[in-house]
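1. Any chance you could fold what I've pasted below:
(2 chains)
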Amino acid sequence: MTEPLLSIRDLTVRVGKHPEAPSILDRVSLDLMPGETLGLVGESGSGKSTLGMSVLRLNSPRLAAGTTGQILWQGRDVQKMSARQLRRIRGEEISMILQDPMASLNPVQSIGVQLREALRRSGKRNLSAAAEAALAEVNIPSPADRLRAYPHQMSGGMRQRIVSAIGLAQDPNLLICDEPTTALDATIQYQFLELLAALRAAHDMAMLFITHDFGVVARICDRVAVMYAGRIVETGPVAEIFARPAHPYTRALLASVPSTRHAPRRLPVIEGQPPAVGNRPRGCPFHPRCAAATDQCQSVPPRAEIRPGHVLDCWHPQEIAHDPA
Amino acid sequence: MLKHLAGRLAEALVALVLMSLVIFLLSRVIGDPVALLLSDSATEADRQLLIQQLGLDRPMWQQYFTFLGNALQGDFGQSVTAGREDALELVLSRLPASLSLAGVALAFTLVLGILLGVLAAITRGTLADLAVRMLALLGQSAPSFWLGIMLIYVFAVHLGWLPTSGFGGPAYYVLPALTLGLFTLAAITRLVRASMLEALSSEYVKLARIKGLSEWSVVLRHALGNSLIPVVTFMGTFFATMITGAVVVETVFAWPGIGRLAYESIMARDFPVIQTVVLVITAFFILANLIVDLLYLAIDPRMRAAG
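-> Reported below is the predicted structural model:
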């Protein structure tokens, strides 16, 4: 068996150093293999972005102070790296695409300056040619002209492609995508996903794909981890999770995805609200909203591998084939 | 972009003409120029003669256009004080002293204010940040007449390091420039600290960190440029603070600039000189705002597209 590229063990992120401080992430563990794309799915506030940021140690100082557990990048603990070692990892080995393309480019610098800054670190010699090639790779028409342009002169879809070009400039082994399609129009979303899939193949890299959209997961991911209230509640290969979701939360999420295979219907909703950070229930975090909950759910649920690679934390897994009706 | 500039220039001219109208009307409302110019022993005949000479018997609008026409030719009348100097020449002769003092004050406040603001932002929450913020609070709350006198007392009278007042070499600039600039220094420091903190928590700074740039590159190349935009916005206001502050500071430090001239001519009810000082200050104010607009175009590419 090959070594995982990224291995997260019992990652807990609290708001501040105090051991009783409210936690955003609660003992999260996951592995990512070379070349693999893992989807991280969850509602807003489930902690998926904080998880992505933790890998590059980009969380605010308060969250950084409250971080425990291990984040092993090719066997080395990111938490223990010096600022210099960390800088060498950032961009070169692990890169990231942020959610809002309107905000993630510097408004007072041209595209060329911002792109060349990343290319320079990879030691490329002819920077102008490399910059043009990088823009051409993400399907930007007339790249030479675009290098002189400023972010405000471009559409959201184009900016997100430029952000990906910057992310890929140093040819990383892992690309973390933090909801990169959320701010885009539906048609542009599709194009952008196609582009990402092509880039992943061309650069032979792994991806950690953070999203709240199961449709995106189905299109681009190999495996999926479902997050709820700071915990990963279910993990498995995408086909397996879609066909046999076992955690009540995953089942409810999948049931609320609209489908074109059936006549329009009223979509089921999950009653209640996800718990706020600092106000999370004991035991299984989902039990106050779960139809199958019993008193047992007040204590931490056991972790079980019900099929190869299909792991979940639940007292009452529902192992019936999922009917996406 | 050229259209934008032409528009700004037109606005500046309109502002200047409007200001001349305000100044003209004020000088006619406050006090009687004839009474000011005549000696106590003058007769009614002298009075009528002077009114005719000055054209004060003509309608107000005609008088305004005469005033405007004269002003355009550089004729702002004569000082009513004993010397009877040409008002414009008098003001212009005092201008270099004021401009050099304001220039020194503005330069040191900009450099120091940006440095302190950046320092406070990157050391947020530490003792250094607290110290800078206290300094900024003090700077904005200390009145300049008090501050000037205290500085003279400590550094000139007590320690004897610097001259008490007057105009001369570099040493003469230190205390008045400090007094004139402290308020602006505090304002710039607070402004830079706030906008720097905003920039540092922005997504583009996050992306710069993701690229693997060093903390220095992140701060200097990405955050600083963006956090200077609000400083440029307030430059016009800062300049105005310097000029209005000059009236007090130049008086306290016996500095031979137009601030002190304004104070002296107000005390002497020297209307032609007051008018000229106000017009010259207005002209500089408008010029400063024009420069700010140009700076904007240089620093923010979004403005270039809008113009």
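2. Contact residues of the stretch 201-307 of chain B facing chain A?
-> Contacts of the stretch 201-307 of chain B with chain A, taken as Cβ under 8 Å from any Cβ of the partner chain, map to B:201-204, B:206-215, B:217, B:221-222, B:225-226, B:229, B:299-302, B:305. All C-beta atoms are positioned from the backbone trio N, CA, C, and that covers glycine.
3. Just the ones of the residues you listed in strands?
-> If you go by DSSP state E, these have nothing in strands.
4. mind listing which of these are in helices?
-> Applying DSSP state H to those, the entries found in helices are B:203-204, B:206-210, B:215, B:217, B:225-226, B:229, B:299, B:301-302, B:305.
5. where does the residue of the stretch 201-325 of chain A found nearest chain B fall, phi/psi-wise?
-> Using Cβ to the nearest Cβ, residue A:208 is the residue of the stretch 201-325 of chain A that sits closest to chain B, at 13.3 Å. The phi/psi pair for residue A:208 (degrees, to the nearest 10) reads phi -110, psi 110.
6. Same check on residue A:31?
-> phi -120, psi 150.
7. Using the three-state scheme, assign the residue nearest in space to the middle of chain A.
-> Residue closest to the mean C-alpha point of chain A, counted by Cα atoms, centre = their mean, is residue A:210 at 2.2 Å. What DSSP: H, G, I helix; E, B strand; the rest coil gives for residue A:210 is strand.
8. who touches it in this structure?
-> Residue A:210 makes contact with A:40, A:48, A:49, A:51, A:52, A:176, A:177, A:178, A:179, according to Cβ atoms under 8 Å, 6 or more residues apart in numbering or on different chains.
9. any idea how far it is from residue A:167?
-> According to Cβ to Cβ, to the nearest Å, residue A:210 and residue A:167 sit 14 Å apart.
10. host element of residue A:64?
-> Element membership for residue A:64 (DSSP states H and E) is helix A:61-65.
11. just residue B:280 next, same as before
-> Here residue B:280 is assigned to helix B:271-299, by DSSP H and E.
12. how far out from the middle of the chain is that helix?
-> Helix B:271-299 sits 8 Å away from the centroid of its parent chain (Cα atoms, centre = their mean, to the nearest Å).
13. Likewise for stretch A:297-315?
-> 22 Å.
14. Kindly report the same for stretch B:186-200.
-> 22 Å.
15. And the contacts of the helix ranked longest in chain A?
-> For chain A, the helix reaching the highest residue count under DSSP H is reported as helix A:186-203. Around helix A:186-203, the neighbours that count as contacts under Cβ under 8 Å, 6+ apart are A:37, A:137-139, A:156-157, A:160-161, A:164, A:168, A:171-172, A:175, A:177, A:180-181, A:184, A:207, A:216, A:219-220.
16. List only those of these flagged as buried.
-> A:37, A:137-138, A:157, A:160-161, A:164, A:168, A:172, A:175, A:177, A:180-181, A:184, A:207, A:216, A:219-220 (16 or more other Cβ atoms under 10 Å in any protein chain shown).
17. Alpha carbons of stretch A:54-72, as CSV, please.
-> C-alpha atoms of stretch A:54-72 as CSV (Å, rounded to 0.1, in the frame of the first residue of the first chain):
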residue,chain,number,x,y,z
SER,A,54,-5.4,24.3,8.6
VAL,A,55,-3.5,22.3,6.1
LEU,A,56,-1.6,25.4,5.0
ARG,A,57,-1.7,26.9,8.5
LEU,A,58,-3.6,29.9,7.1
ASN,A,59,-6.1,30.1,10.0
SER,A,60,-6.2,33.3,12.2
PRO,A,61,-3.7,33.4,15.1
ARG,A,62,-6.6,32.6,17.5
LEU,A,63,-7.6,29.5,15.7
ALA,A,64,-3.9,28.5,15.2
ALA,A,65,-3.4,28.7,19.0
GLY,A,66,-6.3,26.4,19.5
THR,A,67,-5.2,23.7,17.0
THR,A,68,-4.2,20.3,18.3
GLY,A,69,-3.7,16.9,16.5
GLN,A,70,-1.5,16.1,13.5
ILE,A,71,-1.4,17.2,9.9
LEU,A,72,1.1,15.0,8.2
